[in-house]
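S.K.: fold the following for me, if possible:
(one chain, ligands or ions: 1)
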Amino acid sequence: MTTPLRILPDRLVENLESATYQYAVTMQNIPHYYTVARTWADHKDGMSEELMWTVWEMRKHDVMRPFGNMEQHYLDVNGFSYWTMVPRDEETMLINRQYSTHGAYDSPFDAIAHRYDDSEKPWYVVQAEREALYAPAAPSGRVLDIGCGTGLLVDYCYRAIDRQRYVGIDPSAGMLAKFALKHPDYQADATLLRTTFEDYETPLRFDTIVAMAGSGSHVTGVDIVEKARHLLAPGGRAFLTFYRDPTAAFERMGLNRAPEVAATPDGAVMDGEYVVVELTRGED
Ligand SMILES: C[S@@+](CC[C@H](N)C(=O)[O-])C[C@H]1O[C@@H](n2cnc3c(N)ncnc32)[C@H](O)[C@@H]1O
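M.R.: Predicted structure coming up:
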């Protein structure tokens, strides 16, 4: 069965991300933040039409999850969960958000993040293999690194990547923490988001989209090829790697038709025989 591609309206994503949030000081057991109408640009007499539009739009795309012994609707975007408290057919002038805690981003990579970059092979062998693995990704322009992990793409393509236009996404807090420790300069100027590719939403379009060292196989809830195509800028290129036999991964994503697999670059053969799916988007 095909998993429908969720694409939220840019206006909804921008409103949620650019709103001003304040800490809910009275609910310390559910640490969260909220935004209210008087902080929205169009507010008048305590009301904001834009906030209300955002709430109606959230309700079209949210999902139901347990909330204590009740249920609650949430919209998950870029590592945050958003919700409102009033019945769904009522107006409200308040949106809550918290760092997503529902377990979707709990990751086995957290436990191995501290030693993920290590290898028992001599350093020069590792260096040669990784250079061969990352060079074909050829990142340029605005880069999206799906499952960026500890930032090995940045390690091996440091000079080619403009960190002010680099976006690294990964659900593993441990992998991202290691990335940030190695590259404090990226932490400051780049965007590192703790989110799955499934929940990543952005108005940005990318010149290069990569999923390195098999990250493509970890995406389960969305057709990675369709979503990558949607996020490519005109003239852009996606370089997506999958573990050796990607059939199961493609099935999990609900792809009706397996994408064409490109020749495996030498570096990928040495590191684990990843297969590569390459996409390009022509100039419009
Ligand atoms: C084998 S590691 C590769 C890391 C990095 N790309 C590299 O080249 O070393 C796979 C990464 O994919 C991440 N991942 C798992 N599920 C994901 C998802 N749904 N969306 C994006 N990344 C995911 C993992 O947390 C992990 O960091």
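S.K.: distance check, Leu204 against the ligand.
M.R.: For Leu204, the distance to the ligand (CB to the nearest ligand atom, to the nearest Å) stands at 16 Å. Heads up, the C-betas are built off the backbone N, CA and C, glycines and all.
S.K.: work out the gap between the biggest strand by length in the chain and the centre of the chain.
M.R.: What stands out as the longest strand in the chain, according to DSSP state E, is strand 232-242. Distance of strand 232-242 from its chain centroid, counting by CA atoms, centre = their mean, to the nearest Å, is 15 Å.
S.K.: would it count as contacting the ligand?
M.R.: No - contact of strand 232-242 with the ligand (CB under 6 Å from any ligand atom) is absent, the minimum separation being 8.2 Å.
S.K.: pairing partners for that strand, with directions?
M.R.: Using DSSP bridges, strand 232-242 pairs in its sheet with strand 206-211 (parallel), strand 275-280 (antiparallel).
S.K.: near the ligand, which residues of the stretch 51-200 of the chain?
M.R.: 107, 109, 146-149, 152-153, 169-172, 175, 196-198.
S.K.: give me that answer again for 5 Å
M.R.: Ser107, Phe109, Gly147, Gly149, Leu152, Asp170, Ser172, Met175, Thr196, Phe197 (CB under 5 Å from any ligand atom).
S.K.: pull the CA atoms of the longest strand of the chain into PDB?
M.R.: The C-alpha coordinates for strand 232-242 follow below in PDB (Å, rounded to 0.1, in the frame of the first residue of the first chain):
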ATOM      1  CA  LEU A 232      14.700  19.400  -5.000                       C
ATOM      2  CA  ALA A 233      15.400  22.800  -6.400                       C
ATOM      3  CA  PRO A 234      15.400  23.200 -10.200                       C
ATOM      4  CA  GLY A 235      18.800  21.700 -11.400                       C
ATOM      5  CA  GLY A 236      19.100  19.900  -8.100                       C
ATOM      6  CA  ARG A 237      20.400  16.400  -7.500                       C
ATOM      7  CA  ALA A 238      19.600  13.700  -4.900                       C
ATOM      8  CA  PHE A 239      22.000  11.000  -3.900                       C
ATOM      9  CA  LEU A 240      20.300   8.400  -1.700                       C
ATOM     10  CA  THR A 241      22.000   5.400  -0.400                       C
ATOM     11  CA  PHE A 242      20.400   2.200   0.900                       C
END
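S.K.: contacting residues around His230?
M.R.: Leu5, Ile7 (CB atoms under 8 Å, 6 or more residues apart in numbering).
S.K.: which strand or helix spans it?
M.R.: helix 224-231 (DSSP states H and E).
S.K.: model confidence over that helix, on average?
M.R.: Taken as a whole, helix 224-231 has a mean pLDDT of 94.
S.K.: how are the helices of the stretch 1-150 of the chain distributed by residue range?
M.R.: 10-18, 49-61, 109-112, 123-134 (DSSP state H, counting those that start in this stretch).
S.K.: tabulate the residues of the stretch 51-200 of the chain next to the ligand (CSV), appending neighbour count and distance to Pro203.
M.R.: Formatted as CSV, those follow (neighbours: other CB atoms under 10 Å; distance: CB to CB, whole Å):
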residue, neighbour count, distance to Pro203
Ser107, 19, 27
Phe109, 19, 28
Gly147, 24, 21
Gly149, 22, 25
Leu152, 19, 28
Asp170, 29, 21
Ser172, 26, 25
Met175, 24, 26
Thr196, 25, 19
Phe197, 24, 16
